[in-house]
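> Got a predicted structure plus its sequence, pasted below:
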Amino acid sequence: MARRTTGRKHGDPRTADTRAKVKDDYRPSRDEILRYIAENPDHAGKRDIAKAFALRGNDRIWLKDLLRDLQDEGVLTKERKRLARVGALPHVAVLDIFDRDADGVLLARPTEHGPNGPPPIVSIRLSRSGSGPAPGIGDRVLAKTFPADETNVALGGPAYTGRVMKIFEKRSEAVLGVFRVLQDGTFRIEPVERRQPELIVDKEFQNGARNGDLVEVEPARASRYGLPHAKVLNVVGSLTSEKAVSMIAIHAHDIPHIFPADVIAESEAVKPATLDHREDWRDLPLVTIDPADAKDHDDAVFATPDLDEKNPGGMIATVAIADVAAYVRYGTALDREALKRGNSVYFPDRVVPMLPERISNDLCSLREGQDRPALAVRMTFSADGHKIRHSFHRIMMKSAAKLAYPQAQAAIDGVPDDKTSPILDTVLKPLWDAYAILKRGRDGRQPLELDLPERKILLKPDGTVDRVTVPERLDAHKLIEEFMIQANVAAAESLEARKQALVYRIHDAPSLAKQESLREFLQTLGLSLARGAQMRPSQFNGILERVRGADNEGLVNEVVLRSQSQAEYSPGNIGHFGLNLRRYAHFTSPIRRYADLIVHRGLIGALGLGPGGLTQDEEARLEDVAVLISGTERRAMAAERDTVDRLIAAYLAERIDDRFDARISGVTKSGLFVQLPQYGADGFIPVSTLGGDYYIYDETARSLFGERSGKGYQLADRVEVRLVEVAPMAGAMRFEMLTDPKPLPGSVRSFHKAKGRARASQSRPGSRGRRR
């Protein structure tokens, strides 16, 4: 196979001979720019491109216009301020290795690929030192991808090369299901995924499974008639026990939930931290404020007025965070397992922790009255909420009180109990005074303020749903949230000031495509969203304020939420759009997030706070780590959501034919998704069941409307529905619409206007392509 021979470094896409011949007003061609973007995916921002081609002044304006044209034409797309060819492989991709070429080089293709053409082929480069992962045919890997040499591609070679970062655990083409024994003695597999069919199991392939067991099965090739067959590969566990529903999500999403023996042994051998390299803060009355059922406590807070005459009305806020880095050192079994998990996963019926209980619930949990090591930040704020200074300290602390949110709030509201009464004036009131100041700063910053209530599922002892509640959003919650945000900002600022590499928590502004989609939707409601290169959260807040209390408030909040990008981790900083912060890093939850542990290590090393700092090996792997933990976070969110759907579906399975108040949560060509606000669960209404009219999907208005009647349904409409079918293990419910459709003049006008244009275009010869 031909080797890549370009030898160009990013920042200079031209050869020395070319540079000698070009004039000062040299402008690269479209092909040259596209080639540079393909060859330098990590340096494909507008500034990078301008620097690479030495463009200045008016040439930079020309480049900006050209890049915008390429995006409008669908040639380029933009993510996190980096440009990429549409349809190009991302710089980090999941690949399936399927073959070797004539030279023995492994070949792979992306696991997921769009509909435009066949998936590109990637040749896998192995580490020369032999120290990297050694994949083989049939492996699924996470790899960095690079465009291959053009000469090699022209000769029929792969379009990309790839360097393996991680080999995923091998799995057969197995699916999960629930083993059922029917009345006639035959066996079925009840699906646990919404798109999965029911399967038949012949007796010889039962493999010891019993009725109600969660099993892994291998589907056979479907027959022409009847249900497909399968054989049981493995019995995962019984669904008759408690915590069975979350076990489905754990296995379906490959979430590690059993700690290896060496990890447990290592955690049990850890000795409690001492005062070495620490300041003694045990006399400072730091308190923890958490949910009433919290088992681990990784943050504590304290506040006091600033006595400096130069800062009248100012406050000093202190946040202390469990010093996990004291116990979990890089390269140990504990560290490797924590990185593999990435974060803790919280189900209604269990927690799958990132760290063993000995660490998370004992040595690192800031228990009341017990000495615990912590990393603390002391922040001074002015009366208007601006942070004047901050400092980090490695300390030994002793929590003065373990409080629940409602308990702390009740004390402030005039109903203290035996625990909060002694600390009301000395601890709690100063905390609320500090929060009042921090809130002024937050109000001035204007982060995105979406009003989307969170629901909590309460279970019975047998693991089934008892009830679903919407906990009240208290000032106590907001206080802790704002203290944590400020501590996270301080961590990012300190690491940047010391030029220490770190993993940021980033959140990009909505993409141009999502902005335009939102703009079109708002126009159907008589609302406008100004166009501009630099969107601000305050622009969205202005829209949300205009609909506050209106019938469409829920609709607009939902659509604005869906227009936002997803937050993630990255060693490159683009700021946090939702919080309206220029720099932000996760520092406050190292017990349950690996990202925070990295930040702790960075602070320890950069500020000279003792052993356990970030190593050079870790710094070199930060990009790979950021990709991995962003993925584990998405995995956890999907597993948590699936479990809630299954629990609610099982809870409502005995209420077939009951009527429910619902809200339309999604609109597609095939039907309506509805959410039951009381339960937070979703179900589906097929378009074929909506009535005798022919329903048309209006993407702009997020609606379905009847072609004849002009009436229909729109996203966030409040409706009444009847439950007609439930698949509990799949978390799926089907409903029937009981509410009559409403007039949708906006959708009808836009439809008939488009239809009229099409007819006019067809009836006038030579009218195609005419400007109107």
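In hand now; what should we look at?
> would you put the C-alpha positions of stretch 68-76 in PDB?
This file holds the C-alpha atoms of stretch 68-76, laid out as PDB (Å, rounded to 0.1, in the frame of the first residue of the first chain):
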ATOM      1  CA  ARG A  68     -20.200  30.700   4.500                       C
ATOM      2  CA  ASP A  69     -21.000  29.900   0.800                       C
ATOM      3  CA  LEU A  70     -19.500  26.500   1.100                       C
ATOM      4  CA  GLN A  71     -21.700  25.900   4.200                       C
ATOM      5  CA  ASP A  72     -24.800  27.200   2.400                       C
ATOM      6  CA  GLU A  73     -24.100  24.900  -0.500                       C
ATOM      7  CA  GLY A  74     -23.900  21.900   1.800                       C
ATOM      8  CA  VAL A  75     -20.200  21.300   1.100                       C
ATOM      9  CA  LEU A  76     -19.000  22.100   4.600                       C
END
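> Work out the gap between that stretch and the centre of the chain.
Put simply, stretch 68-76 sits 27 Å off its chain's centre (CA atoms, centre = their mean, to the nearest Å).
> tell me the average confidence for it?
Average pLDDT, stretch 68-76: 77.
> How about residues contacting it?
Applying CB atoms under 8 Å, 6 or more residues apart in numbering, the set of residues contacting stretch 68-76 from outside is 30, 33, 34, 37, 67, 77, 78, 83, 84, 85, 86, 512. The way it works is simple: take the backbone N, C-alpha and C, and place the C-beta from them, glycine included.
> which ones are touching the most centrally placed residue in the chain?
Centroid-nearest residue in the chain: residue 634, 4.6 Å away (criterion: CA atoms, centre = their mean). Residues near residue 634 by CB under 8 Å, 6+ apart: residue 566.
> and it, what helix or strand is that in?
Following DSSP states H and E, the helix or strand that holds residue 634 is helix 622-652.
> Which positions within that helix qualify as buried?
For helix 622-652, burial by neighbour count (16 or more other CB atoms under 10 Å) applies to 622-623, 625-633, 635-636, 639-640, 642-652.
> Stretch 427-440 now?
Buried-residue list, stretch 427-440, by 16+ other CB under 10 Å: 427, 428, 430, 431, 432, 433, 434, 435, 437, 438, 440.
> The last one falls within a helix, correct?
Yes - the assignment for residue 440 by DSSP: H, G, I helix; E, B strand; the rest coil puts it in a helix.
> What separation is there between the closest residue in space to residue 220 that isn't next to it in sequence and residue 244?
Among residues not flanking residue 220 along the chain, residue 229 sits closest, at 4.5 Å (CB to CB, 6 or more residues apart in numbering). Residue 229 sits 25 Å away from residue 244, going by CB to CB, to the nearest Å.
> Can you lay out the contacts of stretch 68-76 as CSV showing distance to residue 731, secondary structure and neighbour count?
Below are these laid out as CSV (distance: CB to CB, whole Å; DSSP: H, G, I helix; E, B strand; the rest coil; neighbours: other CB atoms under 10 Å):
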residue, distance to residue 731, secondary structure, neighbour count
30, 48, helix, 11
33, 47, helix, 22
34, 44, helix, 17
37, 41, helix, 26
67, 43, helix, 20
77, 33, strand, 17
78, 35, strand, 19
83, 39, strand, 22
84, 35, strand, 17
85, 38, strand, 17
86, 34, coil, 13
512, 34, helix, 16
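> what helices or strands is the helix or strand containing residue 395 leaning on?
Per DSSP H and E, residue 395 falls inside strand 387-398. Judged by 3 or more CB pairs under 8 Å, 6 or more residues apart in numbering; DSSP states H and E, the packing partners of strand 387-398 are strand 279-280, strand 371-381, helix 475-497.
> Please identify the most buried of the ones you listed.
Comparing the helices and strands packed on strand 387-398 on average neighbours per residue, with mean count of other CB atoms under 10 Å, the densest one is strand 371-381 at a mean of 23.
> orientation of that one relative to helix 475-497 in degrees?
80 degrees (axes from the mean of the first three to the mean of the last three CA atoms, to 10 degrees).
> The residue lying closest to residue 305 once chain neighbours are set aside pairs with what?
Spatial nearest neighbour of residue 305, chain neighbours left out: residue 315 (6.0 Å); criterion: CB to CB, 6+ apart. Here residue 315 sits in beta bridges with residue 305, residue 381, going by DSSP bridges.
> which residues does residue 394 contact?
Listed by CB under 8 Å, 6+ apart, the contact partners of residue 394 are 277, 278, 279, 323, 373, 374, 375, 376, 604, 609, 610.
> which one among the residues you listed gets closest to residue 456?
Closest to residue 456 out of the contacts of residue 394 is residue 374 (28.6 Å), distances taken as CB to CB.
> mind checking how far the closest one is from residue 609?
11 Å.
> quick revisit: could you work out the most separated pair of the buried residues of stretch 427-440?
427 and 440 (21.5 Å).
> Could you pull out the strands in the stretch 101-250 of the chain for me?
With DSSP state E, counting those that start in this stretch as the criterion, the stretch 101-250 of the chain has strands at 106-110, 122-125, 140-147, 160-167, 175-181, 187-191, 199-201, 213-219, 229-238.
> among the ones you listed, which is nearest residue 252?
Nearest of the strands of the stretch 101-250 of the chain to residue 252, taken as CB to CB: strand 175-181 at 5.5 Å.
> name the helices or strands packed onto that closest one?
By 3+ CB pairs under 8 Å, 6+ apart, strand 175-181 packs against strand 187-191, strand 213-219, strand 229-238, helix 244-252.
> what's next to the shortest one, contact-wise?
Residues external to strand 187-191 that are found in contact with it (CB under 8 Å, 6+ apart): 177-182, 197-203, 206, 209, 215, 217, 230, 727, 729-730.
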